[in-house]
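In: how would this look folded up:
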Amino acid sequence: MRNKKSNKTILLSILCAFWCGVLVQPVIAAEKGPRKHLTPVVISEAHSQFISPTISVPGTVVSKQQSELPAEVAGRLTWVADVGVRVKKGQAVARLDSKLFRLKLAENKATLKREKTKLVYLEKELERQKQLSKSDFSSKTEQEKVRLDYDVALSELAVAAAKVEVDEEMLRQYEIRAPFSGVVIARQKREGEWIGSGDSVVTLSNPNQLEVITRVSEISVPFVHVKDRLRVVRSSGATSGDIRAIVRIGDSQSHLYDMRIDVAGKDWMAGQVVRVEVPTGEAREVLTVPRDALVMRSSGTSIFRINDENKAEKISVSTGIASGEYIQVIGNLSAGDRIVVRGGERLRPGQEVKTSEVKASEVKASMDERS
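Out: Numbering: from 1, shown residues only. From the prediction side, this is the model:
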């Protein structure tokens, strides 16, 4: 009897604990409340900076050193370097048949050697005559004759040496040598062809000395100066280059002016097509944001600003001049405001967000990738 009462007591205790747990659990869950899901966004700051209105003009990468190398003498080509061959300054890129001149040079060298031997003999003879004259064994006439022969031999030696020097110089002209290090990009003549003096044989270009050549209108000329840095956009991204020269003499038909821009780096290639952002007005101070901050809809352009409570505020703006990755905005914004640059397309006004900041260099890199 006592065991039955104990079993009932244990069973009631278990049931009581179970129902207490069931009833208390919703209360605890209600106290914790639903967990909030914050939308992640990347932010940057609005900046006040001086920028100029720009226009994008086409340009081409060219080599600063590119020449058609001509022959200095007439003759038959025996060898021409292949297209694509790299040569150093002073190396031969073509040779002409020089057999006749080599024979002539050998003849003149033999003559020079003979004149040297003759001069040595006359020099000794002149010294001997001086010794004999001291002992009255030689007349003055004989001594003067030997001196005359010596002077004539000295002159003939100089003539022979000059002929050898001329022949050696002419022989060097039978080889066309590179005036600078570069790559053979074209052959105008082939082995076996007869060429005249001044005929182009190969085209040599230096791939390590490059620049961008572009043409700008008279509107931009007053606002560009030597050493100014301009943005250059190509298929692989964007970079910048310094203006090396501005030719302020326009073409009579197009009325455009040549401008040269230095570019650095090994990944440039002559012939690349680029776009150059050229100013068309004076720089002025404006409020700018990264281009990625703009949210464009049919209703207009807007920007999301993050307030102190980490909530998104939608600001309607209009755009102005642009420079590189930044663009002018006109609206209810101030320098230093936190602006959403990534993730703004899915935001709603008043929505709480989780922010991470992007640096200016990262904004630029992102724009370069999109370019």
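
In: give the next helix or strand downstream of whatever helix or strand V152 lives in.
Out: For V152, the host element (DSSP states H and E) is helix 140-172. Toward the C-terminus, helix 140-172 is succeeded by strand 175-177 as the next helix or strand (DSSP H and E).

In: can you list the buried residues in that following strand?
Out: Neighbour-count burial for strand 175-177, counted by 16 or more other Cβ atoms under 10 Å, picks out I176. Heads up, the C-betas are built off the backbone N, CA and C, glycines and all.

In: mean confidence for it?
Out: The average pLDDT within strand 175-177 is 93.

In: paired strands for that strand, with orientation please.
Out: Next to strand 175-177 in the sheet, as set by DSSP bridges, lie strand 92-96 (antiparallel).

In: list the contacts of the partner strand.
Out: With contact meaning Cβ atoms under 8 Å, 6 or more residues apart in numbering, strand 92-96 is reached by 69, 71, 73, 75-81, 85, 87, 174-178, 184, 189, 195, 201-202, 204.

In: can you check stretch 153-170 too?
Out: 73, 101, 104-105, 108-109, 111-112, 114-116, 118-119, 122.

In: just give me the closest of these to Q49.
Out: Within the contacts of stretch 153-170, proximity to Q49 (Cβ to Cβ) peaks at V73, which comes in at 61.8 Å.

In: confidence score at T9?
Out: At T9, pLDDT is 59.

In: try T280
Out: 87.

In: same thing with A186?
Out: 94.

In: which residues does it contact?
Out: If a contact means Cβ under 8 Å, 6+ apart, then A186 has 83, 202-203 as its contacts.

In: of these, buried ones?
Out: Buried members of the contacts of A186, counted by 16+ other Cβ under 10 Å: 202-203.

In: which of the contacts of stretch 153-170 count as buried?
Out: Buried members of the contacts of stretch 153-170, counted by 16+ other Cβ under 10 Å: 73, 101, 104-105, 108-109, 111-112, 115, 118-119, 122.

In: just put the residues you listed in TSV and tack on secondary structure, distance to I249 and pLDDT.
Out: Compiled in TSV, these are given as follows (DSSP: H, G, I helix; E, B strand; the rest coil; distance: Cβ to Cβ, whole Å; pLDDT from 0 to 100):
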residue	secondary structure	distance to I249	pLDDT
V73	coil	37	90
F101	helix	45	77
K104	helix	49	83
L105	helix	49	78
N108	helix	51	82
K109	helix	53	85
T111	helix	56	85
L112	helix	54	82
E115	helix	58	82
K118	helix	63	82
L119	helix	61	79
L122	helix	66	75
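
In: nearest to D242, of those?
Out: Distance to D242, by Cβ to Cβ, is smallest for V73 among these, at 42.1 Å.

In: before we move on, the earlier item: state the mean pLDDT of the helix holding V152.
Out: For helix 140-172, the mean pLDDT works out to 79.
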